[in-house]
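return a 3D structure for these sequence lines:
(chains A and B)
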Amino acid sequence: MRPAEQNSAAARGGLTPHRYPAVLVAFTVLILGAVAYSATLIPSYVQALVALHRAKMAIAAGDRAASEAGLLDVLRVFPSSEAARIEMAVLLLADPTEARQRRGLAYLDGLALDKYAWERITSVLPAKFRSASSPAQK
Amino acid sequence: MLIIPGFIIAIVTFPGVVAHEIAHRFFCDLAGVPVYKVCYFRIGNPSGYVVHAPAASLRANFLIAIGPLIVNTVLCAVVCFTPIIALNLNVADLPGVSFVLLWLGISVGMHAFPSPQDAENFSAAVRASGRGGLFYAIARAFYSLVRLAHLLRIVWFDLVYAVVTASLTPVLITHAATG
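Numbering: from 1, shown residues only, chains lettered A, B, ... in the order given. Predicted coordinates for the structure are as follows:
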């Protein structure tokens, strides 16, 4: 709005346009700060989400190498991502090499699995590790 | 069905009420419409309001009515963007600031819809303008939509709208990036 219009709005008995109380300016700065903070995180977060999505698509397509690479990308940004750790564990436990199976188990360290995740893990869990793993009683 | 008094919801989601009223005032200022009184937040019904002069044009009227829908929806999507991604990835050690952003974004999104009074003001402006036909039909549809959204708040439509708005952007971006 032009200054002349602003003056006329004020002259018609209104509040001065675009003049906000200090507390409101502080509130707006707070929200804009939250937006700016959120915006700085967007590139790495989007990269991780896209990597997880691609990894799941690669698993469905049977491309284990691409899937593992994608999951490692997610875990680089979010080492504690349970979704990525479970996918990685399923991927590695299904591998015939024992060293990779043990790596897969390591990804589950400290995780509390829900029923669906537990079923996915047990479907690929080699028999030799079964005795060491059991569902927790609630 | 969990029924919580409106004023308690307004208190918990007060950033949304404030953002809603700022959006009204901002669009009034943009349109050159004098604002006489503004209450950005209070405990009562309504929890905030803007008293302004009648807008000179229907376009200005529409923008003033719909301003909060634009501003609050965009803010909700942007502020919630990273926390929603972190939730999608089941990140275990989510920083506290993510929960603050989530509360802020959802609060703002819950107050995105214009109030029935906003829609009524727009409908009245259309009637006063003497415009009929398509313009009037759009105004009536807008009014009915807002009334319906207001009624559906009993089944938490405002919360559903905020959650869908917050969740949709990361999903759309992921699909766009992966084809």
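
quick one, what contacts residue B:146?
Residues in contact with residue B:146, defined by CB atoms under 8 Å, 6 or more residues apart in numbering or on different chains, are B:113, B:114, B:115, B:116, B:118, B:119. In this view, the C-beta of every residue, glycine as well, is placed from N, C-alpha and C.

give me the neighbour count for the residue in chain B positioned nearest to chain A.
In chain B, no residue comes nearer to chain A than residue B:34, which is 2.7 Å away by CB to the nearest CB. Residue B:34: 20 surrounding residues under other CB atoms under 10 Å in any protein chain shown.

and what of residue A:110?
If we define neighbours as other CB under 10 Å, then residue A:110 has 9 of them.

helix, strand, or coil at it?
Put simply, residue A:110 is coil when judged by DSSP: H, G, I helix; E, B strand; the rest coil.

in helices only, show me the contacts of residue B:146.
Secondary structure defined by DSSP state H assigns B:116, B:118, B:119 of those to helices.

mind putting those in a markdown table, distance to residue B:46 and neighbour count included?
A markdown table is the format used below for the ones in helices among the contacts of residue B:146 (distance: CB to CB, whole Å; neighbours: other CB atoms under 10 Å in any protein chain shown):
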| residue | distance to residue B:46 | neighbour count |
| --- | --- | --- |
| B:116 | 10 | 15 |
| B:118 | 10 | 24 |
| B:119 | 14 | 23 |
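
in CSV: the residues you listed, plus distance to chain A and pLDDT.
As requested, these are arranged in CSV below (distance: CB to the nearest CB, whole Å; pLDDT from 0 to 100):
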residue, distance to chain A, pLDDT
B:116, 24, 85
B:118, 18, 87
B:119, 23, 84
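
I'd like to know how far the closest residue to residue B:101 other than its chain neighbours sits from residue A:128.
Nearest-residue entry for residue B:101: residue B:83, 5.0 Å, with adjacent residues in sequence omitted and distances by CB to CB, 6 or more residues apart in numbering or on different chains. Remark: distance between residue B:83 and residue A:128 (CB to CB, to the nearest Å) = 40 Å.

how many other residues sit next to the closest residue to residue A:95 other than its chain neighbours?
Once its chain neighbours are removed from consideration, residue A:95 has its nearest residue in residue A:101; the separation is 6.2 Å (CB to CB, 6+ apart). The number of residues packed near residue A:101 is 20, by other CB under 10 Å.

if I pick residue A:101, what's in contact with it?
The contact partners of residue A:101, taken as CB under 8 Å, 6+ apart, are A:92, A:93, A:95, A:126, A:129.

in what helix or strand does it lie?
helix A:98-107 (DSSP states H and E).

list every C-alpha atom in that helix, with coordinates, as CSV.
What follows is helix A:98-107, C-alpha atoms only, in CSV (Å, rounded to 0.1, in the frame of the first residue of the first chain):
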residue,chain,number,x,y,z
GLU,A,98,27.5,-64.6,8.7
ALA,A,99,29.6,-61.4,9.2
ARG,A,100,26.8,-59.4,7.4
GLN,A,101,24.1,-61.2,9.5
ARG,A,102,26.0,-60.1,12.7
ARG,A,103,26.1,-56.5,11.3
GLY,A,104,22.4,-56.8,10.8
LEU,A,105,21.8,-57.9,14.4
ALA,A,106,23.9,-55.0,15.6
TYR,A,107,21.5,-52.5,13.9
